[in-house]
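*Asks:* what shape does this take:
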Amino acid sequence: MESLTTLLSDLPAWVLPVLLAPFIGSFLGVLIVRLPDERPIAVARSVCDHCGHALAPRDLVPIVSYAVRRGRCRDCGARIGPFALAIELAAVAVALWAATAVTGNAIWLSCLLGWTLLSAAWIDLRCMILPDVLTLPLLAAGLVVTAFTDPDDMPDHALAAAAGYALLFAVAWSYRRLRGRDGLGLGDAKLLAALGAWLGLADLPIVLLAASCLGLLAAGAASLAGRRMTAATAIPFGPFLAAAGWLAWLYVDRLADWLAG
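*Replies:* Numbers count the residues shown, from 1 in each chain. Predicted coordinates:
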């Protein structure tokens, strides 16, 4: 046991998050599919979408099972959609990305943030909702992390959370008053509040600007691809907030240090 502990302590900090990432991604895949439908997440067994056969443990090894089965169900032979593989690979990408930007225990915090943002963004893309069960714990986690790592910054981060929510709440309320329909969901306001809890007040304008730019780029790309875009076209804002918040977490402080030095 002592030799194992020594071995683990000598590993680079990024190894364990990367090794665990496919399994985290597998769980996130279940979360993304079942959470919007309010289905059990940790209790119900995974089944084939085509034949309904319960999947055996050997069918649930992340990435490997999909590759071995060549993307087909072992029982009925039907092709399995690429979603499960995509989310597992995305979770690995988050861990590897975090490892390129931060070191030490900050990798685990960055992965926690990145994996949660990945889930929220994917659900918003699929269902146009940002569940409270993701955004509110993420907000609380941001404040807890700040309390332990930078307790002097707690007032700033708490104010950022309140300001982030109030700002997008005001935008959503104003849009509905002016246009008579919803243009921004309160899930977006809660997600920005959560990002404020993690990042602090100074980074909120950066996140909003970056998210807006990403949204405009996505709308422009969709239009160029032939999709008809109008003022009433629904575009989820959560994925752009998530991407902007993730980039700000990883790079804003480093950019500021580079500019100052």
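*Asks:* show me where the stretch 1-150 of the chain has its strands.
*Replies:* Using DSSP state E, counting those that start in this stretch, no strands are found in the stretch 1-150 of the chain.
*Asks:* any chance you could map the helices in it?
*Replies:* Along the stretch 1-150 of the chain, counting by DSSP state H, counting those that start in this stretch, helices occupy 2-10, 15-34, 64-69, 83-101, 106-127, 132-149.
*Asks:* now those helices in TSV, with distance to residue 248 and mean pLDDT?
*Replies:* Where C-beta positions appear, they are placed from N, C-alpha and C, glycine not excepted. Shown next, in TSV, are these (distance: least, C-beta to C-beta, whole Å; pLDDT from 0 to 100):
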stretch	distance to residue 248	mean pLDDT
helix 2-10	31	47
helix 15-34	20	92
helix 64-69	33	76
helix 83-101	11	93
helix 106-127	11	95
helix 132-149	12	95
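*Asks:* most packed of the ones you listed?
*Replies:* Sort these by mean neighbour count, taking mean count of other C-beta atoms under 10 Å, and helix 106-127 sits at the top with a mean of 21.
*Asks:* what angle sits between it and helix 83-101?
*Replies:* Following axes from the mean of the first three to the mean of the last three C-alpha atoms, to 10 degrees, one obtains 140 degrees for the angle between helix 106-127 and helix 83-101.
*Asks:* now the angle from helix 106-127 to helix 132-149?
*Replies:* Going by the same axes, to 10 degrees, helix 106-127 makes 160 degrees with helix 132-149.
*Asks:* what distance separates helix 106-127 from the centre of its chain?
*Replies:* 2 Å (C-alpha atoms, centre = their mean, to the nearest Å).
*Asks:* against which helices or strands is that helix packed?
*Replies:* helix 15-34, helix 83-101, helix 132-149, helix 186-199, helix 238-260 (3 or more C-beta pairs under 8 Å, 6 or more residues apart in numbering; DSSP states H and E).
*Asks:* now for those helices, which one comes closest to residue 121?
*Replies:* Nearest to residue 121, of all the helices and strands packed on helix 106-127, is helix 238-260, at 3.9 Å by C-beta to C-beta.
*Asks:* what's the average pLDDT for the closest one?
*Replies:* For helix 238-260, mean pLDDT rounds to 82.
*Asks:* just to revisit the earlier point, the helices of the stretch 1-150 of the chain: which one's closest to residue 181?
*Replies:* Here helix 106-127 is closest among those (C-beta to C-beta), at 18.4 Å.
*Asks:* the closest one to helix 186-199, inter-axis angle?
*Replies:* Using the same axes, to 10 degrees: helix 106-127 against helix 186-199 is 170 degrees.
*Asks:* helix 15-34 and helix 106-127, what's the angle between them?
*Replies:* 20 degrees.
*Asks:* nothing else from me, thank you.
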